[in-house]
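*Asks:* below: sequence and its predicted model.
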Amino acid sequence: MPGLLRGVARTAVVAGTATAVSNRVSRRQAGRWAQQEAAPAQQYAPPPPPPPPAAAPAPADDMSSKIAQLKELGELKEQGVLTEAEFAAQKSKLLGS
């Protein structure tokens, strides 16, 4: 009979310890959730709004910028930075043809 009593006592101690630990974990987790709900703005700020789209350039400005870009492409070709094929590809891309 003493062996049976010892086994029952051991089981009671193990079960009591498990219950105590489980309750403590539950209380700590509830405390953390309460802190997160109290200050959500500090952790997750919404992203800034995107910048407004740029206004379309006037037709005269568009033509002068294309001319300037064509001159730059020509200079790069003369310097040997661009090959004839690369120059032609960039020129057709710029002119849209």
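*Replies:* That came through fine.
*Asks:* pretty sure Q90 contacts L73?
*Replies:* Yes. Between Q90 and L73 there is a contact under CB atoms under 8 Å: 5.4 Å. The way it works is simple: take the backbone N, C-alpha and C, and place the C-beta from them, glycine included.
*Asks:* list the residues that contact both of these two?
*Replies:* Both Q90 and L73 are in contact with L82, where contact means CB atoms under 8 Å, 6 or more residues apart in numbering.
*Asks:* any idea how far Q79 is from A89?
*Replies:* 17 Å (CB to CB, to the nearest Å).
*Asks:* neighbour-wise, which of these two wins?
*Replies:* A89 (12 against 8; other CB atoms under 10 Å).
*Asks:* please report phi then psi for that one.
*Replies:* Here is the backbone geometry of A89 (degrees, to the nearest 10): phi -70, psi -40.
*Asks:* quick check: it vs L73, distance?
*Replies:* In terms of CB to CB, A89 sits 10 Å off from L73.
*Asks:* report the residue spans of the protein with pLDDT below the cut-off.
*Replies:* 1-2, 39-45, 54-61, 97 (pLDDT under 70).
*Asks:* okay, now the domains of it?
*Replies:* Recorded structural domains for the chain (assignment: automatic domain parsing) are 2-40, 59-95.
*Asks:* kind regards, and thank you for your time.
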